[in-house]
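S.K.: need a structure here:
(one chain, ligands or ions: 1)
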Amino acid sequence: MKDLTLPFDKALLDRIVAEHPTPFHIYDERGIRDNARALDDAFSWVPDSTGTPGGFKNYFAVKALPNPHVMRVLHEAGMGFDCSSMAELVLCERIGVRGEQIMFTSNDTPLHEYAKAQELGAVINLDDITHIDYLSNGLGMPELICMRYNPGPLREGNVIIGKPEEAKYGFTRDQILQGYKPARELGARRFGLHTMVASNELNPDYFVETAVMLFELAVELKEKLDIRIEFVNLGGGIGIPYRPDQTAVDYQRVSDGIKAAYDRLIKPAGLDPLRIVFENGRVITGPYGYLVTRAIHRKDTYKQYIGLDGNMANLMRPGMYGAYHHISVPGKEAEPADQTYDVVGSLCENNDKFAIDRPLPRIDIGDYVVIHDTGAHGYSMGFNYNGKLRSAELLLHPDSSVTKIRRAETLEDYFATLDVS
Ligand SMILES: *Cc1c(COP(=O)(O)O)cnc(C)c1O
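M.R.: Below you'll find the predicted structure:
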């Protein structure tokens, strides 16, 4: 079962809102830190390059929550960063993160982005076999290079990311067996192997199967081509329980399954020590973010509507994917959910609905309406359609104090790229 408790109550919200008007996203620092520690603890057995435990790392997918304040919290907790754009690389640079703390997993990559990644010393993860020459001719082959494997029909994928053979990412199986040798001839000396075949996946065994797939491939690369893979990157994609009846992925179960596969496949092949890394975004911050809004309208027509002061510019997932986000009404926890509402924003788009036919307690104008699980792919997917402005972001510290970590956009921001003075 999902944990439905909020890290703030109505009284604390009253205090926060007195200074920071709704709507805003607020992130729970304690929850983020505790979760980061739990993930690290589960994988504490993973060896580093010398064979000592401590070789595990999650490279937080910056696109999930590209805010330097949250990134600093994650970096303190031992995480690196997975980037796929210039802005994400520059965010790392601005907070003082460089080198192999950055994984550059991009696709359709322009040369100037590879140049920035190389300047920062990031681990470069190639999305396609043609990028070996593209990178080498344009900038030179780095000493450490990683390649992204797409198993195509050999793997089922899951609902959100779709079938691997229809995904635009990665090398085919033949290509991955052909890619490392030329990279070595061009000067690469250290090698990584990556895949990402799931998104928002809640089945822990799926990640064990992914590890088995990469372990077997690493063994094949050693035996057939004498390529020694030094790390496997299992990608992101660990899901979170958006719905109340769903259960969080048990990190320990994933780790135990991966360790058993490591002992069975990697050790006998002489590939130990092999580092294991992930690039999860959603599971790292998703459950620890909340979009706090207020009800500004109630509307009774063919259905009952609650109109919020937030809209899909603040959170795309329900409109874009039909995704479920749980909703709480602080102060009304004890009241029965005996109303059925569509909870909507103000865009001129009928899919600007945070919830459809949702049983909720009676909502009055002025009530807080809190939308759960907005800590990943929430603010960052926002947009300015209809001239809607993006909200502020707040960080809730363990002592219940709050820092504004991004101000809300203003009309001047919206007009900044126009000449209308
Ligand atoms: C989006 C993405 C991630 C993070 O995915 P989550 O579902 O947020 O864990 C990791 N790696 C790559 C290459 C991605 O595109």
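S.K.: so who does the closest residue to residue 94 other than its chain neighbours touch?
M.R.: Among residues not flanking residue 94 along the chain, residue 68 sits closest, at 6.3 Å (CB to CB, 6 or more residues apart in numbering). The C-beta positions use only the backbone N, C-alpha and C, and glycine is treated the same way. Counting by CB atoms under 8 Å, 6 or more residues apart in numbering, residue 68 touches 91, 94-95, 405.
S.K.: ok, residue 68 to the ligand distance?
M.R.: In this structure, residue 68 and the ligand are 18 Å apart, going by CB to the nearest ligand atom, to the nearest Å.
S.K.: okay, that residue: pLDDT?
M.R.: Residue 68 carries a pLDDT score of 98 in this model.
S.K.: measure it to residue 184 for me?
M.R.: In this view, residue 68 and residue 184 are 37 Å apart by CB to CB, to the nearest Å.
S.K.: is the closest residue in space to residue 145 that isn't next to it in sequence in a helix, a strand, or coil?
M.R.: In space, and not counting its chain neighbours, residue 145 is closest to residue 188: 4.4 Å by CB to CB, 6+ apart. Under DSSP: H, G, I helix; E, B strand; the rest coil, residue 188 falls in the coil class.
S.K.: quick check: residue 188 vs residue 132, distance?
M.R.: If you go by CB to CB, the gap between residue 188 and residue 132 works out to 9 Å.
S.K.: kindly report the same for residue 92.
M.R.: From residue 92 to residue 132 the distance is 24 Å (CB to CB).
S.K.: and residue 10, what does it touch?
M.R.: Taking CB under 8 Å, 6+ apart, we find residue 10 in contact with 330-331, 368.
S.K.: look up how far residue 201 lies from the residue of the stretch 101-250 of the chain found nearest the ligand.
M.R.: Of all residues in the stretch 101-250 of the chain, residue 236 sits closest to the ligand, at 2.6 Å by CB to the nearest ligand atom. With distances taken as CB to CB, residue 236 is found 10 Å from residue 201.
S.K.: does the longest strand along the chain come close to the ligand?
M.R.: Among the segments of the chain that qualify as a strand by DSSP state E, the longest is strand 289-300. No - between strand 289-300 and the ligand, judged by CB under 6 Å from any ligand atom, nothing touches; the nearest distance is 12.5 Å.
S.K.: and that strand, which strands flank it?
M.R.: Strand pairing for strand 289-300, using DSSP bridges, gives strand 24-28 (antiparallel), strand 304-308 (antiparallel), strand 368-371 (antiparallel).
S.K.: list of residues touching it?
M.R.: Contacts of strand 289-300 (CB under 8 Å, 6+ apart): 6, 13, 16-17, 22-28, 65, 304-310, 314-315, 363-376, 378-379, 391.
S.K.: show me what counts as buried in that strand.
M.R.: 289-295 (16 or more other CB atoms under 10 Å).
S.K.: what helices and strands are in contact with the longest helix anywhere in the chain?
M.R.: Criterion DSSP state H: the longest helix present in the chain is helix 204-225. In this structure, helix 204-225 makes packing contacts with helix 173-185, strand 190-195, strand 229-233, helix 251-261, judged by 3 or more CB pairs under 8 Å, 6 or more residues apart in numbering; DSSP states H and E.
S.K.: and the most centrally placed residue in the chain, what does it touch?
M.R.: The C-alpha lying nearest the average C-alpha coordinate of the chain belongs to residue 281 (CA atoms, centre = their mean; 2.1 Å). Residues near residue 281 by CB under 8 Å, 6+ apart: 60-65, 82, 236, 376-377.
S.K.: so which of residue 236 and residue 201 has more stuff around it?
M.R.: For residue 236 versus residue 201, neighbours defined as other CB atoms under 10 Å are more numerous around residue 236 (26 against 23).
S.K.: flag every residue of the protein that's near the ligand.
M.R.: So the chain meets the ligand at 61, 63-64, 82, 105, 196, 199-200, 235-237, 279-282, 376 (CB under 6 Å from any ligand atom).
S.K.: lowest pLDDT pick from the residues you listed?
M.R.: Least confident entry in the residues of the chain next to the ligand, by pLDDT: residue 199, with 92.
S.K.: the helices in the stretch 251-400 of the chain, which residues?
M.R.: 251-261, 282-285, 317-321 (DSSP state H, counting those that start in this stretch).
S.K.: reformat those helices as JSON lines; add mean neighbour count.
M.R.: Shown next, in JSON lines, are these (neighbours: other CB atoms under 10 Å):
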{"stretch": "helix 251-261", "mean neighbour count": "18"}
{"stretch": "helix 282-285", "mean neighbour count": "26"}
{"stretch": "helix 317-321", "mean neighbour count": "16"}
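S.K.: break the protein down into its structural domains.
M.R.: Domain ranges of the chain: 43-280, 286-415, per automatic domain parsing.
S.K.: pull the contacting residues for residue 232.
M.R.: 192-194, 211, 214-215, 218, 274-277.
S.K.: now the closest residue to it other than its chain neighbours: how far from residue 231?
M.R.: The shortest distance from residue 232 to any non-neighbouring residue, by CB to CB, 6+ apart, is to residue 214 (4.4 Å). Separation of residue 214 from residue 231 (CB to CB) stands at 10 Å.
S.K.: residues that sit against both of the two, list them.
M.R.: Jointly contacting residue 214 and residue 231 under the rule CB under 8 Å, 6+ apart are residue 193.
S.K.: surely residue 193 touches residue 229?
M.R.: Yes - the pair residue 193 / residue 229 is scored as a contact, 4.9 Å apart, by CB atoms under 8 Å.
S.K.: what is in contact with the two at once?
M.R.: Contacts common to residue 193 and residue 229, judged by CB under 8 Å, 6+ apart, are 218, 221.
S.K.: quick check: chain neighbours aside, which residue is closest to residue 238?
M.R.: Closest residue to residue 238 apart from its sequence neighbours, by CB to CB, 6+ apart: residue 283 at 4.0 Å.
S.K.: what does the pLDDT read for that neighbour?
M.R.: Looking at residue 283, its pLDDT reads 98.
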